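>>> Need a 3D model of the sequence below.
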Amino acid sequence: MYKFILYWIVVLSRFLIADWVPPPINLANYDAYGSLIAMNEQLIILAQNDIRHFQIVVDPFTNHSRRCTPRYIAVQHGTNSFADYIYSVAIGSKQENNETSFYFAFIDEDQFRNVFLTIVYFYIALSPANCVYYSHHFDFNVTDLAFSEQVIIAMDPNGTRVYAVGFHYSIIVDIKTQVGRIYHKNDVFGLGLAGPPPLGLDEIHTFFKVMFVSDDHRLYLVGQRYYNFQYLAYLHVLDYSDLDHNRARLVSVNELSAFNFGTAAQRITRFSAMSIHAYFDEEEKIIIIGIPHVDTILLLSFNRTHSPVIIKRHESVNKGVGFGKSVALFRDYTYAVLAHGQSTLPWSTSQVQVSHFDISIVYENFHTQLDNIEL
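Residues are numbered from 1 along each chain as shown. Below you'll find the predicted structure:
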């Protein structure tokens, strides 16, 4: 009897070593950490942790789209080490229509709980019967940077760099040269602004939730700053355009909770989700930020001469519906907002609301408010 029990202990021990460390308990939770879906006009990439496969769709918005499901195990980090759990995925939004090769990036964890920033290079198959061909990948072991669920990831629109921002460290990877640069938060925050760091750098912890990267390699990060026993919503703008001289610059810091968000704001924590999107052209630069915990979105405007300023606030009349879980901004000043918990039809559990704003009226009202401020 004891030999029988000992035998199964040995077998199960080998199984645990081989399947190795149990995966996170939120294996099938798509809202647990960063975004598990990334897309542009040519591709959709979805990471499915419950089955350890990617879903890749080529030409998704046409009548000749193709789909394939490569396995995580194809991404080998070393001997007996491969991608086992994906935290977030990113791809460039403006890769050209005529390109046949693409990069996408993700933060993943192998079976031994080592964490990697991985960049995968693949070809789009020319044959209608196929989808993509895996070419190669390169990775950076970021286990010591305390990443995993503490990190957000994005690519610049043209797919030339990968940005991963964590609690203590950030890493920027030039895809062409495969060179990565690591910055500690003390190397970035507090630089570029006159006077001491905002609110005192030593007293603040920032938990970034999502970011938007512009063509000129500026990062627009939103998240919660923990200060005086509360979590406050903030926008940080960082400039990484001069990497040739290894320079990183903090451009601006904007408190988003200047409005009274009501009692719901007291329940905002470091885990509260946020969203961001932007539309830039030569004349207008508009940012939209969603704060679903208080069912509110904010529109901000800025240019090279002034920092982002809030020009419009849109609060849902329905409370507790996650209004702002995802946002999108279009060039005709139309914006779309996901109300995650507001049903539309009996078979729908969420709703996308589309609104339009007149930029001239917004600016007129905004400047009127500034003129009425008593100094």
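
>>> isn't residue 166 right up against residue 153?
No. Because the distance of 9.7 Å does not satisfy Cβ atoms under 8 Å, residue 166 is recorded as not touching residue 153. Yep, even glycine has a C-beta here, placed from its N, CA and C like the rest.

>>> Residue 182 - how many residues pack around it?
A count of nearby residues for residue 182, using other Cβ atoms under 10 Å, gives 14.

>>> make that residue 307, sorry
Counted with other Cβ under 10 Å, the burial measure for residue 307 works out to 14 neighbours.

>>> nearest residue to it other than its sequence neighbours?
Excluding the flanking residues, the one nearest residue 307 by Cβ to Cβ, 6 or more residues apart in numbering is residue 252, at 3.7 Å.

>>> Name all residues that make contact with the one you found.
Under the criterion of Cβ atoms under 8 Å, 6 or more residues apart in numbering, the contact list for residue 252 reads 193, 235, 236, 237, 307, 308.

>>> List the beta-bridge partners for the third one.
For residue 236, the beta-bridge partners are residue 221, residue 253 (DSSP bridges).

>>> that older thread, of the contacts of residue 252, which one scores lowest on pLDDT?
When those are compared on pLDDT, residue 193 comes out lowest, with 42.

>>> Let me see the ranges of the helices in this structure.
2-19, 185-188, 359-371 (DSSP state H).

>>> Just the buried ones from the contacts of residue 252, in ChimeraX syntax?
Below is the selection syntax for ChimeraX that covers the buried ones among these, with 16 or more other Cβ atoms under 10 Å defining burial:
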select :235,236,237,308
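
>>> Just want the most central residue of the chain.
Residue closest to the average C-alpha location in the chain (Cα atoms, centre = their mean): residue 210, at 4.0 Å.

>>> returning to that earlier point: list just the nearest of the contacts of residue 252 to residue 70.
residue 236 (35.0 Å; Cβ to Cβ).

>>> The closest one and residue 140, how far apart?
23 Å (Cβ to Cβ, to the nearest Å).

>>> how far away is the residue nearest to residue 307 from residue 308?
Counting by Cβ to Cβ, the gap from residue 252 to residue 308 is 6 Å.

>>> And residue 125, by the same measure?
With distances defined as Cβ to Cβ, the gap from residue 125 to residue 308 amounts to 42 Å.

>>> Identify the residue spatially nearest to residue 216, adjacent ones excluded.
When the adjacent residues along the chain are set aside, residue 216 lies closest to residue 241, with 5.5 Å between them (Cβ to Cβ, 6+ apart).

>>> Could you report the neighbour count for the one you found?
Counted by other Cβ under 10 Å, the residues lying close to residue 241 total 14.

>>> can you check residue 257 too?
Using other Cβ under 10 Å as the criterion, the residues surrounding residue 257 number 17.

>>> Now that it has come up, it's in contact with residue 231, right?
No. With contact defined as Cβ under 8 Å, residue 257 does not count as touching residue 231 (9.1 Å).

>>> tell me, what's touching these two both at once?
When Cβ under 8 Å, 6+ apart defines a contact, no residue borders residue 257 and residue 231 alike.

>>> sorry, back to before: looking at the contacts of residue 252, spot the one nearest residue 34.
Of all these, residue 236 has the smallest distance to residue 34: 17.1 Å, by Cβ to Cβ.

>>> ok, the closest one touching residue 250?
Yes. Because the distance of 7.1 Å satisfies Cβ under 8 Å, residue 236 is recorded as touching residue 250.

>>> in this structure, which ranges drop under the pLDDT threshold?
By pLDDT under 70, the weakly predicted segments of the chain are 1-33, 96-100, 126-129, 148-149, 189-204, 258-267, 304, 359-375.

>>> ok now stretch 157-166, how far from the chain's centre?
If you compare the mean C-alpha spot of stretch 157-166 with that of the full chain, they lie 10 Å apart, counting by Cα atoms, centre = their mean, to the nearest Å.

>>> should've said stretch 235-243
On the basis of Cα atoms, centre = their mean, the separation between the geometric centre of stretch 235-243 and that of its chain is 16 Å.

>>> So for it, first residue to last residue, what's the gap.
22 Å (Cα to Cα, to the nearest Å).

>>> Mind listing residues that contact that stretch?
In this structure, residues lying in contact with stretch 235-243 by Cβ under 8 Å, 6+ apart are 161, 163, 172, 174, 181, 188-189, 192, 206, 208, 216-223, 248-254, 256, 287, 289, 300, 307-308.

>>> Which residue lies closest in space to residue 184, excluding its sequence neighbours?
Across the structure, with Cβ to Cβ, 6+ apart as the measure, the residue nearest residue 184 apart from its sequence neighbours is residue 169 (5.8 Å).

>>> right, and the one you found touches residue 187 too?
No. Distance between residue 169 and residue 187: 9.3 Å, which falls outside the contact criterion (Cβ under 8 Å).

>>> Compare neighbour counts for these two and give me the winner.
Just comparing residue 169 and residue 187: by other Cβ under 10 Å the higher neighbour count belongs to residue 169, 20 against 14.
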